[in-house]
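> Next comes the sequence, and after it the predicted model I'd like to discuss.
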Amino acid sequence: QLEDQLARYKRWSHVDVDKLHLELERKDVELRRLEEAQAAGQRRVEVTEGRAVKEMQRLQRQLVHEKRLKEQAFTRVDDLRTQQEQQQQQLQLAATSPTLVPSPGPTGTRSRVPDPGQPGGPGPRPRRDRRGAPLRGRVLERSAWTG
């Protein structure tokens, strides 16, 4: 046993124990610093992940809301198109069918509105120019145009 101790002593005799102790303390300090840095980095990662999850949830809610608005807009457009088509059909139907007014007779039947310029009509038709617009003011005869 003594020989084992002597062999160990010879093996470690050239090593300064104080230097080893200082080196051990320095490595412990470095290890603690690295562990703290790792813990701080882990906390930053967790905070960042939490923010990302919250942002993802917010974007999903916003997407659902925008999809709902889009569907409502398309429904509104479809309703307006249907309404416009119905109005056009009513206008075409009104344009092709005669306009009816109550007759002054006691039977209560309806009759066509008399054409202007016809006997019993609302009066003479207004004179119109070549484009079909009503003439205004004094109308000159053709002989006045030629001089």
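That came through, no problem. Numbers count the residues shown, from 1 in each chain.

> Please determine how far E71 is located from Q60.
Separation of E71 from Q60 (CB to CB, to the nearest Å): 17 Å. The way it works is simple: take the backbone N, C-alpha and C, and place the C-beta from them, glycine included.

> Next one: R26 from L34, what distance?
Counting by CB to CB, the gap from R26 to L34 is 13 Å.

> for Q90, same thing?
For Q90, the distance to L34 equals 83 Å [CB to CB].

> report the longest helix in the protein, please.
Scanning the chain for the longest helix, with DSSP state H as the assignment, gives helix 17-96.

> elements contacting that one?
Here helix 17-96 touches no other helix or strand, going by 3 or more CB pairs under 8 Å, 6 or more residues apart in numbering; DSSP states H and E.

> where are the low-confidence patches of the chain?
Residue ranges of the chain with pLDDT under 70: 12-15, 98-147.

> For Q1, see how far away R11 is.
Distance, R11 to Q1, by CB to CB: 16 Å.

> Have a look at these two and say which one is more surrounded.
Between R11 and Q1, counted using other CB atoms under 10 Å, R11 has the larger neighbour count: 9 against 5.

> ok so that one is a helix residue?
Yes: assessed by DSSP: H, G, I helix; E, B strand; the rest coil, R11 belongs to a helix.

> any idea how far it lies from L24?
From R11 over to L24 the distance is 18 Å, taken as CB to CB.

> How about V77?
Distance from V77 to L24, by CB to CB: 78 Å.

> And stretch 4-23, end to end?
Chord length of stretch 4-23, first to last residue, is 26 Å (CA to CA, to the nearest Å).

> list the contacts for Q38?
Not one residue lies near Q38 by CB atoms under 8 Å, 6 or more residues apart in numbering.

> 30 is where my numbering starts, stick with that
Taking 30 as the first residue, the last one we looked at is Q67.

> So what's the residue count around R80?
For R80, the count of nearby residues is 10 (other CB under 10 Å).

> again with R105
Neighbour tally, R105, other CB under 10 Å: 10.

> Distance of it relative to L98?
Separation of R105 from L98 (CB to CB) stands at 10 Å.

> List the buried residues in stretch 90-102.
Neighbour-count burial for stretch 90-102, counted by 16 or more other CB atoms under 10 Å, picks out no residue.
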